[in-house]
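> Could you look at this predicted model? Sequence included:
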Amino acid sequence: MLLVIDVGNTNVVLGVYQGEELVRHWRLATCVAQTGDEYGILIVNLFHLADLQTKDVEAVILASVVPPIQSALVRALKRYFNIQPLIVGPGIKTGITIRYNNPREVGADRIVNAVAAFHIVQGAAIVVDFGTATTFDLVGPTGDYMGGAIAPGLGLSMDALSEKTAKLPRIELAKPKVVIGRDTVGSMQSGLFWGYVGLVDGLIDRMIAESGFSPVRVIATGGLARLMATESARVETVDEFLTLNGLRLLYERNC
């Protein structure tokens, strides 16, 4: 079995693969204060609850944008699985050319998503990842990572409205039935949801026009992908396991 781990700013997502089949997956809250032992015990317990044996894990691949948690997880995996994980970073074989000015600046999750998207599409694609930040990543027709855009995530935008204003409340993020809100909560929900739909489709249109690529498939992933995709005119496919599959592909290319 292969254990894949994606460490984001909000969640740590784990998946267990048997060949190409994702047999189990879990989503944990990202907690910088967690120690290696705490992560190790938690992961071992998740395996036991799923009737999986930790001794059956033959390898681990890990992508992280949170260095302290990466260090804690590496310690946990060494101690509780007796495995040195493969880390997504400089020197790993991706099979794609990264056309960023400084390739080291690209987040590991963005490269993983690009690898997975090209594997699926076999052509030009844009990946929209709805996480703490919302990232837009353009993959060229031959699989090159061309660059992209980074915007504040919906959660960050919602928090900023309530924290930086005197009278606006904290609200539930939901799709409102109408654009013209008739009360404060409805107005905030409209601005967040419909405003973000416009941001997503507008950025995608501009990226496609600027790149000159055609056709370009658009894939969404991340926690809020399904909610946003219901009204986006540009998102074609939602793949909640895109990053996990990308990690599996990267492991296969390096081992």
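Nice, I can see it.
> What separation do you get for residue 8 and residue 2?
Per CB to CB, to the nearest Å, residue 8 is found 20 Å from residue 2. Placement of C-beta: from N, CA and C, glycine included.
> repeat for residue 237
Distance check for residue 237 against residue 2: by CB to CB, it reads 24 Å.
> if you count what's nearby, which of those two comes out ahead?
Legend: neighbour count by other CB atoms under 10 Å for residue 237 and residue 2, higher for residue 2 (21 against 16).
> From residue 227, how far out is that one?
30 Å.
> now swap in residue 109 and tell me
Counting by CB to CB - residue 109 and residue 227 are separated by 20 Å.
> Which one's more surrounded, these two?
residue 109 (28 against 17).
> ok, the more buried one - contacts?
Residue 109 makes contacts with 6, 8, 63, 65, 129, 131, 135, 243, as judged by CB atoms under 8 Å, 6 or more residues apart in numbering.
> Same question for residue 230.
If a contact means CB under 8 Å, 6+ apart, then residue 230 has residue 175 as its contacts.
> What about the contacts of residue 109, which are in helices?
Using DSSP state H, the members of the contacts of residue 109 that fall within helices are residue 243.
> and the contacts of residue 109, which of them are in strands?
Per DSSP state E, strands hold the following members of the contacts of residue 109: 6, 63, 129, 135.
> Okay, and the beta partners of the residue lying closest to the last one once chain neighbours are set aside?
Meaning residue 135. Once flanking residues are discounted, residue 135 sits nearest to residue 129: 4.7 Å by CB to CB, 6 or more residues apart in numbering. Going by DSSP bridges, residue 129 is paired in beta bridges with residue 135, residue 221.
> isn't residue 129 right next to residue 221, touching?
Yes - with contact defined as CB atoms under 8 Å, residue 129 counts as touching residue 221 (5.2 Å).
> Residues that sit against both of these two, list them.
Counting by CB under 8 Å, 6+ apart, the contacts common to residue 129 and residue 221 are 113, 242, 243.
> Can you mark which positions in the helix or strand containing the first one are buried?
It stands for residue 113. Assigned by DSSP states H and E, residue 113 belongs to helix 108-121. Within helix 108-121, the residues scored as buried using 16 or more other CB atoms under 10 Å are 108, 109, 110, 111, 112, 113, 114, 115, 116, 117, 118, 121.
> Just give me how far it sits from the chain centre.
Per CA atoms, centre = their mean, to the nearest Å, the displacement of helix 108-121 from the mean C-alpha position of its chain is 10 Å.
> CA-only coordinates of it, as PDB, when you get a sec.
C-alpha atoms of helix 108-121 as PDB (Å, rounded to 0.1, in the frame of the first residue of the first chain):
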ATOM      1  CA  ALA A 108       4.200  21.600  -3.900                       C
ATOM      2  CA  ASP A 109       0.400  21.200  -4.100                       C
ATOM      3  CA  ARG A 110       0.200  23.300  -7.300                       C
ATOM      4  CA  ILE A 111       2.800  21.100  -9.000                       C
ATOM      5  CA  VAL A 112       1.000  17.900  -7.900                       C
ATOM      6  CA  ASN A 113      -2.300  19.200  -9.200                       C
ATOM      7  CA  ALA A 114      -0.700  20.100 -12.600                       C
ATOM      8  CA  VAL A 115       0.700  16.600 -12.900                       C
ATOM      9  CA  ALA A 116      -2.700  15.000 -12.100                       C
ATOM     10  CA  ALA A 117      -4.600  17.300 -14.500                       C
ATOM     11  CA  PHE A 118      -2.300  16.600 -17.400                       C
ATOM     12  CA  HIS A 119      -2.500  12.900 -16.800                       C
ATOM     13  CA  ILE A 120      -6.300  13.100 -17.000                       C
ATOM     14  CA  VAL A 121      -6.700  15.600 -19.800                       C
END
